[in-house]
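In: Here you go, sequence then predicted model.
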Amino acid sequence: MMRASILTPLARPAAGPVASIIALALAGALAGSLIHAARTEAALRSEVARLSTQGRQTALLLQARLSTCRAQAAAPEPLGGRITPIAEDVDSVAARLANVGPAGFDDCARMEAADAAVLSSLHAK
């Protein structure tokens, strides 16, 4: 009985054209969805490319700033206004800074480090 009530409307002569119209509407909606998805994907890909380029540029800028900061920290004050070129690696800069006597707050830090080293060697015995 229930089966007959479902199949009766489908057996009518108007069911074929109505089903065809519904199928065409669904196909149109699918095509529209695909076009929208393709446009959205293209827009997102271009945004990712733009942000990637911007990220690389920012990284280069920050690396340049860091290099400048390190160079300024490693460079001695120019004597008589002369500009001294800096073309040293990190190890040579560290060795040169270790040989320069401490000044100001650095005195306290070095004394505290020396005290800690002495105390740790006493506790080890």
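Out: Done, it's in. Numbering: from 1, shown residues only.
In: So residue 34 versus residue 41, what's the distance?
Out: Using C-beta to C-beta, to the nearest Å, residue 34 is found at 10 Å from residue 41. (Glycine included, C-beta is placed from N, CA and C.)
In: go on, residue 74?
Out: Noted for residue 74: a distance of 49 Å to residue 41, by C-beta to C-beta.
In: who has more neighbours, the two?
Out: A side-by-side neighbour count of residue 74 and residue 41, using other C-beta atoms under 10 Å, places residue 74 first with 15 against 10.
In: now the more buried one: how far from residue 65?
Out: In terms of C-beta to C-beta, residue 74 sits 15 Å off from residue 65.
In: And for residue 38?
Out: Relative to residue 65, and taking C-beta to C-beta, residue 38 is found at 41 Å.
In: Can I get stretch 7-22 in PDB? Just the C-alpha atoms.
Out: Only the C-alpha atoms of stretch 7-22 are listed here, as PDB (Å, rounded to 0.1, in the frame of the first residue of the first chain):
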ATOM      1  CA  LEU A   7       5.100   5.000  -7.200                       C
ATOM      2  CA  THR A   8       1.800   6.500  -8.300                       C
ATOM      3  CA  PRO A   9       3.000  10.100  -8.700                       C
ATOM      4  CA  LEU A  10       6.200   8.900 -10.500                       C
ATOM      5  CA  ALA A  11       4.100   6.900 -13.000                       C
ATOM      6  CA  ARG A  12       2.200  10.000 -14.200                       C
ATOM      7  CA  PRO A  13       3.100  11.500 -17.600                       C
ATOM      8  CA  ALA A  14       4.200  14.800 -16.100                       C
ATOM      9  CA  ALA A  15       6.800  13.200 -13.900                       C
ATOM     10  CA  GLY A  16       9.500  12.900 -16.700                       C
ATOM     11  CA  PRO A  17       9.600  16.600 -17.600                       C
ATOM     12  CA  VAL A  18       9.500  17.600 -13.900                       C
ATOM     13  CA  ALA A  19      12.400  15.300 -13.100                       C
ATOM     14  CA  SER A  20      14.300  16.600 -16.100                       C
ATOM     15  CA  ILE A  21      13.800  20.200 -14.900                       C
ATOM     16  CA  ILE A  22      14.900  19.300 -11.400                       C
END
